[in-house]
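**Q** test case, fold it:
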Amino acid sequence: MSEVYFSNLINPAGGFCYHYKAYTNKHSWASFLDQSKKWQTQLSNQNSKLLLIGPSAGYSLSSQLLSKYNQIDVLEIDSLAKWLFKKRFSKHPNIKFSNKIYFSIKNDSFNLIVEDLKQIKKDFPQHDIFFCNFLGQLPVLNKKISEQDYRLFFTEELHKILSDRTWYSYHDIFSVHFKKPHEIELFDVSSVDYFVDKLKEYGRNHSLLKFEVIDHLTQMNSKNDLLWLWPITPKSLHLIQAIYYTPEQ
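**A** Numbers count the residues shown, from 1 in each chain. A predicted model of the protein is given here:
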């Protein structure tokens, strides 16, 4: 697990810490999970096989989406996540986990993440591909690659390599981390600019509440994108972009 998506079991982006957050914040997650699963029910599959990349325990996955596929392959190295995933989706018999390493946090060049994506496509040639809150973790967990290269990967290379595939993703665009629990009421996000304006307004009205904004470098142009808020903890708020692409686009 140390070389794949999350560095170890105590990494805040995954592992035990993530499962603890899911359990203790399940009520504040409810709105996001509902939006995510409703979106997934509307997705159309091109193939009979699906590859899930980094789904953790499947907290935000729709069982209805999975039922559209005859075979589901999963790239997830967190052992606890795999056990919880199997329990959650026990009615789906054709689920297979792979321990193969892609997107290692030891990668130190743009070319390596490009080659990893090409290798995934080669290893799973008949699959639709679903990045499950995964892409936004790459720039946070691996800072050896420049911001410029990450933006190039997300806005150009990703789309070129997967141009003949149906693929989906939901991922962080921004995450906001507060010193103390925030009191932001969830709102519908019409655009990234609208989110930024609301955040600035909140900062002006709560000048004593300090917070840090992390740009995950993943914002993509898409006619089909949706934006959601996800309050992962009382001290964090994430702006999520959901997109899907088909070969016809």
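
**Q** for the rest of this, base every contact and every neighbour count on C-alpha atoms.
**A** Fine.

**Q** and L65, helix, strand or coil?
**A** For L65, the assignment made with DSSP: H, G, I helix; E, B strand; the rest coil gives helix.

**Q** residues contacting it?
**A** Counting by Cα atoms under 8 Å, 6 or more residues apart in numbering, L65 touches 40-41, 43.

**Q** please save the CA atoms from the strand ranked longest in the chain in CSV.
**A** In the chain, ranked by residue count with DSSP state E as the criterion, the top strand is strand 167-178. Taking C-alpha atoms only, strand 167-178 is exported to CSV below (Å, rounded to 0.1, in the frame of the first residue of the first chain):
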residue,chain,number,x,y,z
TRP,A,167,-14.5,7.3,-18.3
TYR,A,168,-15.8,9.1,-15.2
SER,A,169,-14.2,11.0,-12.4
TYR,A,170,-15.1,12.9,-9.3
HIS,A,171,-12.2,14.7,-7.7
ASP,A,172,-11.2,17.6,-5.5
ILE,A,173,-10.7,21.0,-7.2
PHE,A,174,-10.2,22.9,-3.9
SER,A,175,-10.1,21.8,-0.3
VAL,A,176,-10.5,24.3,2.5
HIS,A,177,-9.0,23.6,5.9
PHE,A,178,-10.1,25.6,8.9
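
**Q** which residues does it contact?
**A** 128-137, 209-219, 235-246.

**Q** can I get the contacts of L65 in a markdown table with distance to S169, secondary structure and pLDDT?
**A** Written out in a markdown table, the entries for the contacts of L65 read as follows (distance: Cα to Cα, whole Å; DSSP: H, G, I helix; E, B strand; the rest coil; pLDDT from 0 to 100):
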| residue | distance to S169 | secondary structure | pLDDT |
| --- | --- | --- | --- |
| Q40 | 10 | helix | 96 |
| T41 | 14 | helix | 94 |
| L43 | 11 | coil | 93 |
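
**Q** now render those residues as TSV, adding neighbour count and distance to E157.
**A** Formatted as TSV, the entries for the contacts of L65 read as follows, by neighbours: other Cα atoms under 10 Å; distance: Cα to Cα, whole Å:
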residue	neighbour count	distance to E157
Q40	19	24
T41	15	27
L43	15	23
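
**Q** ok so, going back, among the contacts of strand 167-178, name the ones in strands.
**A** Among the contacts of strand 167-178, the members falling in strands (DSSP E) are 128-132, 211-215, 236-245.

**Q** which among these count as buried?
**A** Restricting these to buried positions leaves 128-132, 215, 236-245, with burial counted as 16 or more other Cα atoms under 10 Å.

**Q** now the strands for this protein?
**A** Taking DSSP E as the criterion, the chain carries its strands at 49-53, 71-75, 95-98, 127-132, 167-178, 211-215, 226-233, 236-245.

**Q** dump these to CSV, plus distance to W83 and mean pLDDT.
**A** Converted to CSV, the strands of the chain look like this (distance: least, Cα to Cα, whole Å; pLDDT from 0 to 100):
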stretch, distance to W83, mean pLDDT
strand 49-53, 15, 97
strand 71-75, 12, 96
strand 95-98, 11, 93
strand 127-132, 17, 97
strand 167-178, 23, 95
strand 211-215, 31, 92
strand 226-233, 22, 95
strand 236-245, 26, 95
